[in-house]
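Asker: fold the following, please.
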Amino acid sequence: MRKNSRNLYILLLSGFVLFNSACAQNPPFTGKAYVKEKLLVEQATVLLNNGKQLIPLQNLDNNKIASIHFSAPYAVAFDSLLNKYAKVDAINGNDYMGTKPFDMLAQDTKFYNTLIVQLTDAEVNNPQIIGFINNTQKLKSVIVSLIGNGSSLAKLNDVSSPVIWSARVSPVAALYSAQAIFGGVAITQRLTKTYAPKYTANSGFLTAKTRLQYTVPEDAGINADNLKEIDNIASEAIANRATPGCVVLVAKDGKVIFNKAYGYHMYDNGIADKITDIFDIASMTKISATTMAAMQLYDQGKLNLDSTLGTYMPITRSTNKKTLSVRELLEHQAGLIPDISTFEVIKPTDHSTDSSAAYPTKVNDNYYVRKNYFEEVMLPAALRSAVKTRGQYVYSDVGMIFLQQIAETITAIPLNKYVQDKFYTPLGMQTAGFLPLYRFPANRIPPTEDDKKDRKTLIDGYVHDPTAALMGGVAGHAGVFASANDVAILYQMMLNRGTYGGVQYVKPETVDLWTSKQSPVSRRGLGFDRWDPIADRHYPSKLASDMAYGHTGFTGTCVWVDPKYNLVYIFLSNRVYPNVGNKLGSLNIRPRIQDAVYEAIQKGL
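Answerer: Predicted structure coming up:
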């Protein structure tokens with residue numbers, strides 16, 4: 001690679017990393033240069049052989065993907081961006097040019113459904129590589145990303161698989177092509193001249209942007225320097241021990257323009273927070289799982305907002321809960337108590353240090369609850385509880401637990417499995433879900449409270465909320481863990497009014513209804529929290545519009561969607577470590593960072 005090309009690669013990637021990682025240094029280039037190069041790349045990128053509409057990729061839930069590179073100079077950046085959308089394994093094709101026979105490449109990739117092959121001008125002249133593509137495309141999906149000279153297209157005349165070709169050789173071209181594969185950017189150009197019998201002038205396929213794009217703030221009309229206040233506020237939070245660390249993500253106009261990690265998992269250890277860390281999002285579960293399922297069931301005509309608990313849960317018909325409506329539960333106006341007693345009332349015979357048929361429900365390490373404890377103790381306690389303030393707004397976890405029971409009764413599927421199969425996995429959310437320790441190591445999950453009273457352990461990877469914990473980690477009000485990128489995907493779908501990746505998950509009119517103000521007695525929507533019209537509260541922040549909706553989480557998290565600004569703002573932290581405090585709230589860390597984003601938007605470039 002020429003020296004100036006290498007320098008450009010380093011400069012552009014350092015800028016991209018600044019707004020998409022924990023890097024805190026200012027990049028030695030301006031975002032405007034990135035945007036200028038991106039526009040040139042867009043004009044020089046063409047999609048060929050896409051008659052079967054393989055690109056943008058869909059069906060992410062049943063697609064095992066690998067990316068193969070040989071001499072591609074920007075393979076690391078290319079593969080990194082692919083993994084924003086789906087799990088994509090990187091394979092170094094050079095390993096099959098020496099130490100391994102080349103034929104082993106086909107053998108080693110036999111369990112993949114889709115292969116993405118990165119090519120340069122050098123590779124198109126290698127008959128082994130072209131032969132591999134031509135043979136493999138007969139058996140599975142192959143996508144070719146070619147960055148190089150137009151004359152190289154002639155060597156791909158026998159390739160029937162989609163080819164994304166960029167005539168502009170730059171790291172930005174690699175970033176653009178990777179995102180185009182998943183619909184993070186649109187392909188807008190056709191060939192301007194004929195390069196091969198198959199690749200003639202005016203040929204090519206156009207695509208639409210259907211997923212998040214990853215770029216610099218200037219690409220959304222924001223000066224990166226105007227976002228530096230986020231660094232200052234995050235540093236203030238950590239210095240004041242409001243939280244040991246946090247991750248902030250900002251998506252504007254469908255583009256992730258800021259994603260940065262700060263601090264550490266704990267104050268006294270060396271595990272730095274990463275943007276890929278998986279946080280306990282606490283009450284964000286209410287809208288990220290239970291409400292999502294409820295909206296989909298509403299769309300299907302299986303859930304009626306004005307039907308009652310007695311309609312869906314026969315066990316409530318002999319209680320004071322039978323006439324409570326689904327609407328009242330979602331609005332927190334059913335008159336239910338905020339929560340039920342948990343560890344305060346549990347008996348020694350209700351739990352054990354070992355798992356067994358009698359004690360199957362895992363709360364955390366060395367703590368197992370007896371079989372049917374929820375059905376025999378917790379649910380009856382909820383059913384016996386008072387209904388005192390019906391018609392008034394009283395925030396209640398109990399209502400969301402009832403909604404979980406309703407959704408599970410209608411679908412005959414546990415809530416955790418339903419949202420995983422219907423939302424998280426098909427959306428490409430790689431970390432989101434309940435019970436994260438079944439899928440990820442604890443060192444990817446910032447711990448929450450050092451519980452010396454009840455569980456007598458550091459809670460790491462198990463849900464912090466005590467009620468959800470005794471329910472086995474799956475509850476309607478808490479229990480979901482996720483990375484910031486996954487939360488961004490879910491709420492970009494909401495900002496898109498129910499669509500993401502070319503799939504409609506929720507009807508647009510349902511999104512509009514459920515996220516709008518519902519009652520004269522509170523600010524809330526159906527499930528969703530909203531902008532507060534009482535100005536002195538500055539909720540969720542001083543500058544948020546009256547269209548903003550989202551939710552906070554007790555562990556120190558929030559997500560806010562503001563359709564007026566086409567904005568998704570996410571803050572994830574573990575502010576309850578080592579014990580519960582309110583400095584994150586008293587310092588107004590979350591709303592101040594949100595305001596810093598609005599201020600940067602208003603200042604523009």
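
Asker: residues contacting residue 326?
Answerer: 294, 303-309, 312, 403, 406 (CB atoms under 8 Å, 6 or more residues apart in numbering). Using the backbone N, CA and C atoms, a C-beta is placed for each residue, glycine as well.

Asker: make JSON lines out of these and add neighbour count and secondary structure.
Answerer: Formatted as JSON lines, the contacts of residue 326 follow (neighbours: other CB atoms under 10 Å; DSSP: H, G, I helix; E, B strand; the rest coil):
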{"residue": "294", "neighbour count": "28", "secondary structure": "helix"}
{"residue": "303", "neighbour count": "21", "secondary structure": "coil"}
{"residue": "304", "neighbour count": "14", "secondary structure": "coil"}
{"residue": "305", "neighbour count": "17", "secondary structure": "coil"}
{"residue": "306", "neighbour count": "9", "secondary structure": "coil"}
{"residue": "307", "neighbour count": "13", "secondary structure": "coil"}
{"residue": "308", "neighbour count": "19", "secondary structure": "strand"}
{"residue": "309", "neighbour count": "26", "secondary structure": "helix"}
{"residue": "312", "neighbour count": "20", "secondary structure": "helix"}
{"residue": "403", "neighbour count": "25", "secondary structure": "helix"}
{"residue": "406", "neighbour count": "23", "secondary structure": "helix"}
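
Asker: which parts of the stretch 1-150 of the chain are strands?
Answerer: Remark: strands assigned in the stretch 1-150 of the chain by DSSP state E, counting those that start in this stretch are 45-48, 65-69, 88-92, 114-119, 141-147.

Asker: export these as CSV, with columns for distance to residue 416.
Answerer: Formatted as CSV, the strands of the stretch 1-150 of the chain follow (distance: least, CB to CB, whole Å):
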stretch, distance to residue 416
strand 45-48, 38
strand 65-69, 25
strand 88-92, 25
strand 114-119, 27
strand 141-147, 30
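
Asker: in TSV: these, plus distance to residue 178 and mean pLDDT.
Answerer: TSV is the format used below for those (distance: least, CB to CB, whole Å; pLDDT from 0 to 100):
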stretch	distance to residue 178	mean pLDDT
strand 45-48	11	98
strand 65-69	9	98
strand 88-92	9	97
strand 114-119	8	98
strand 141-147	7	98
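
Asker: now these as JSON lines including distance to residue 183 and mean neighbour count?
Answerer: Formatted as JSON lines, the strands of the stretch 1-150 of the chain follow (distance: least, CB to CB, whole Å; neighbours: other CB atoms under 10 Å):
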{"stretch": "strand 45-48", "distance to residue 183": "11", "mean neighbour count": "24"}
{"stretch": "strand 65-69", "distance to residue 183": "14", "mean neighbour count": "23"}
{"stretch": "strand 88-92", "distance to residue 183": "15", "mean neighbour count": "17"}
{"stretch": "strand 114-119", "distance to residue 183": "14", "mean neighbour count": "25"}
{"stretch": "strand 141-147", "distance to residue 183": "13", "mean neighbour count": "25"}
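
Asker: closest one to residue 222 among those?
Answerer: Of all the strands of the stretch 1-150 of the chain, it is strand 45-48 that lies closest to residue 222, at 24.3 Å by CB to CB.

Asker: need phi/psi at residue 166.
Answerer: phi -120, psi 120 (degrees, to the nearest 10).

Asker: scratch that, residue 263
Answerer: Dihedral angles (degrees, to the nearest 10) for residue 263: phi 80, psi -150.

Asker: and the residue nearest to it when sequence neighbours are not counted, how close does it get to residue 44?
Answerer: The shortest distance from residue 263 to any non-neighbouring residue, by CB to CB, 6 or more residues apart in numbering, is to residue 245 (3.0 Å). Separation of residue 245 from residue 44 (CB to CB, to the nearest Å) stands at 41 Å.

Asker: over to residue 195?
Answerer: 13 Å.

Asker: neighbour count winner among those two?
Answerer: residue 195 (22 against 19; other CB atoms under 10 Å).

Asker: what sits closest to the more buried one if chain neighbours are left out?
Answerer: residue 153 (4.1 Å).

Asker: hang on, that neighbour in a strand?
Answerer: No: Residue 153 is assigned helix when assessed by DSSP: H, G, I helix; E, B strand; the rest coil, not a strand.

Asker: OK, contacts around it?
Answerer: By CB under 8 Å, 6+ apart, the neighbours of residue 153 are 48, 146, 163, 165, 195-196, 199.

Asker: and stretch 355-362, how far out from the chain middle?
Answerer: Stretch 355-362 sits 32 Å away from the centroid of its parent chain (CA atoms, centre = their mean, to the nearest Å).

Asker: neighbouring contacts of that stretch?
Answerer: Residues contacting stretch 355-362 (CB under 8 Å, 6+ apart): 351-352, 368-371, 373-374, 470-473.

Asker: how does it look with 7 Å?
Answerer: With contact meaning CB atoms under 7 Å, 6 or more residues apart in numbering, stretch 355-362 is reached by 351-352, 368-371, 373, 472.

Asker: pick out the most distant pair among the residues you listed.
Answerer: Spanning the widest gap among the contacts of stretch 355-362 are 352 and 472, at 14.1 Å by CB to CB.

Asker: which one of the two is surrounded by more residues?
Answerer: Higher neighbour count among residue 352 and residue 472: residue 472, with 21 against 15, using other CB under 10 Å.

Asker: could you measure from the more buried one over to residue 378?
Answerer: 11 Å.

Asker: any idea of the mean pLDDT in stretch 280-288?
Answerer: Across stretch 280-288, the average pLDDT comes to 98.

Asker: how far does it sit from its chain's centre?
Answerer: 13 Å.

Asker: how long is that stretch from one end to the other?
Answerer: With CA to CA, to the nearest Å applied, stretch 280-288 spans 12 Å between its terminal residues.

Asker: where do the helices of the stretch 251-400 of the chain begin and end?
Answerer: Remark: helices assigned in the stretch 251-400 of the chain by DSSP state H, counting those that start in this stretch are 285, 291-299, 309-312, 326-331, 373, 379-384, 397-411.

Asker: do the stretch 1-150 of the chain as well
Answerer: Under DSSP H, counting those that start in this stretch, the stretch 1-150 of the chain gives helices at 3-18, 31-43, 75-82, 104-108, 121-124, 127-136.

Asker: now those in CSV, please, with extra columns for mean pLDDT and mean neighbour count.
Answerer: Putting the helices of the stretch 1-150 of the chain into CSV (pLDDT from 0 to 100; neighbours: other CB atoms under 10 Å) gives the following:
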stretch, mean pLDDT, mean neighbour count
helix 3-18, 37, 16
helix 31-43, 95, 18
helix 75-82, 96, 22
helix 104-108, 97, 14
helix 121-124, 95, 18
helix 127-136, 96, 17
